[in-house]
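Novice: Show me how the following folds:
(chains A, B and C)
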Amino acid sequence: MANTLKKIERLKHDNQIKEVFSSNTRFIEYPIRVNYTFLSSNMEDTTPIKVLIGCSKRGVKKAVHRNKIKRLIREVYRCNNNTLNSFIKESNAQLGLSIIFIGNEIPDFEYINKKINKVLVRLLKNLSKDD
RNA sequence: CAGUCAAACUGGUCUAUCGCUUUGCGAACGAGUAAAGAGGAAAGUCCGGACAGCGAAGAGUAGCAUACUUCCUAACAGGAAGGAGGCUUCAUUUGGUUGAAGUUUACAGCAAGUGCAACAGAAAAUAUACAGCAAAUUCUUUUUCGGAAGAACUGCAAUAGGUGCAAUGGUGUGGUAAGAGCACACCAGCAAAAUUGGUGACAGUUUUGGCUAGGUAAACCUUAUGCGCUGCAAGACCAAGUAAACCAGCAGGAUAUUUAUAUCAUUAAGUUACUCGCUUAAGCUGGAGGGUAGGUUGCUUGACCUUGUGAGUGAUCGCAAGGCUAGAUAAAUGAUAGACACAUUGAGUUAGCGAUAACUCAGCGUACAGAAUCCGGCUUAUAGGUUUGACUAUUUU
RNA sequence: UGGCCCAUGGUGUAACUGGCAACACGUCUGUUUUUGGUACAGAAGAGUCUAGGUUCGAGCCCUAGUGGGCCAA
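Specialist: Numbering: from 1, shown residues only, chains lettered A, B, ... in the order given. As a prediction, this is how the structure comes out:
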């Protein structure tokens, strides 16, 4: 299965975003904060994970740098989301996920790679516990 | 030859793998395939427009902006060319006297009104007081009997009484008791008129006038000119459901009559900041349907770009040929690896008397910065490269 | 996207129409006390967010920037 991240796999709708942020399931793996929840079912849309990637304006001032960070996170997530994807598919639900960068400095690829992998492992563990 | 500053232009290239957005093909929002995909400032949001809506679509006031002239432009607080002033340098002169070059100026009005000016200074705008000068007159003292000194009264008008950022034209002569543009000469400067040149700002010349008019408008203000307000989160459309808002029917205060119209009054609502003005309504029943959330559209062919050519000192404009060049929306234009290019640091080799240059290897680095309706400007940021100008230092021949 | 406001000792605020940057709390030193607090006496600590301009002279006026906050939807 190819590592893709299309428009449909992004978390966009206002209500869904509110749903994700109002739930209490979250953790911080500095400099990344993760919120996640299972979304209420939607018949038309069957993508297993909906992801939102963000970066606060307070920490990083320049728009160029924010763009850069978001692109890095997106790239790493895209390359490593296979196991999570298949896991969710088996449980036949829809996961809403938000990944937000809360650091102050501009990271490089290696750092982000390490962090995101850690995050995904931790997320899997948490989800399997809930089941 | 190097460095610094200023201005203008430019703003890395290629390959592989894995991806993203839009559009075309495709029955298909899937798979596949082809094409395209961020700047000179996309930034700040400081001006000006296009485009769109609002007001029963009017008037006045307030408010805001601009400020030498002419031109350019869709428009501008932008630009071009010029005028005037300031500053610097050089030359020149008895002398900032004259000229040249460069640079710079929010450059209408304080000879409309009002206000302000700490400290210092007699005085900060008003002419008076203080200090000062002085003949005559009166008084006092003294005397060498000529006069002298002091006080009062009176006259004088400055600005050199030396403070201040700033001091009421300057020099000289006459004049007088003492003085004063009081008078005169020369110089500087002002106003008015005429005239010459220029589209004009303005410049030159002549005559007359009164002797002099202080600073500050980035103080209030005055004058002239311009501006209606709000902004693509504007606005339009889509399916579902329903309101204090809309439409229809019935009812409705006083007066008049032609009995459904007019006028008047009360209250309320809507009308861009305000005022006037304008519009509408008041209770009951029924109908039809807005906003908000979501989606679609607005959305990219345009005061467009490239090349050539003509007009103009120039900003700019005309003509011809060719081209289509982002359109996202919790927001695409990316990531990894490698090679080259450029800059810099260190080491080495070669050339050269030398400053240095060329080559090889290694390390580190490659600016500012990311479209959000679209254009024209301005401002600010910017590694390296190229060009031009100014300044500084130094080497070699 | 559009609009509005603010920045002054360590902290919170003043400074009127441009003319010596003030106050409180805090800090430090001394006195009082067996010691600490309280009280009393005194001292230090800014050049007003940054850079230009106007002015004889800017915290104040003008221009540009930096940082922070607020509002509409």
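
Novice: so what strands line up beside the helix or strand residue A:35 falls within?
Specialist: Element membership of residue A:35 [criterion: DSSP states H and E] is strand A:32-38. The pairing partners recorded for strand A:32-38 under DSSP bridges are strand A:26-29 (antiparallel), strand A:95-101 (antiparallel).

Novice: Need the contact partners of the longest helix seen in chain A.
Specialist: Looking across chain A with DSSP state H, the single longest helix is helix A:109-130. Around helix A:109-130, the neighbours that count as contacts under Cβ atoms under 8 Å, 6 or more residues apart in numbering are A:25, A:27, A:29, A:31-32, A:34, A:36, A:69, A:72-73, A:75-77, A:80-81, A:83-84, A:87-88, A:95, A:97, A:99. Using the backbone N, CA and C atoms, a C-beta is placed for each residue, glycine as well.

Novice: follow-up on the earlier one: out of the strands paired with strand A:32-38, flag the one nearest RNA strand B.
Specialist: Across the strands paired with strand A:32-38, RNA strand B has its closest neighbour in strand A:95-101 (8.2 Å, Cβ to the nearest atom of the strand).

Novice: if we can go back for a sec, what about the longest helix of chain A and RNA strand B, any contact?
Specialist: Yes. Helix A:109-130 reaches RNA strand B (Cβ under 7 Å from any atom of the strand) through residue A:109.

Novice: okay, now residue A:25: neighbour count?
Specialist: Using other Cβ atoms under 10 Å, residue A:25 is surrounded by 14 other residues.

Novice: And it, how far from residue A:71?
Specialist: 27 Å (Cβ to Cβ, to the nearest Å).

Novice: re earlier: between strand A:95-101 and the longest helix of chain A, find me the angle.
Specialist: 150 degrees (axes from the mean of the first three to the mean of the last three Cα atoms, to 10 degrees).

Novice: Thank you, goodbye.
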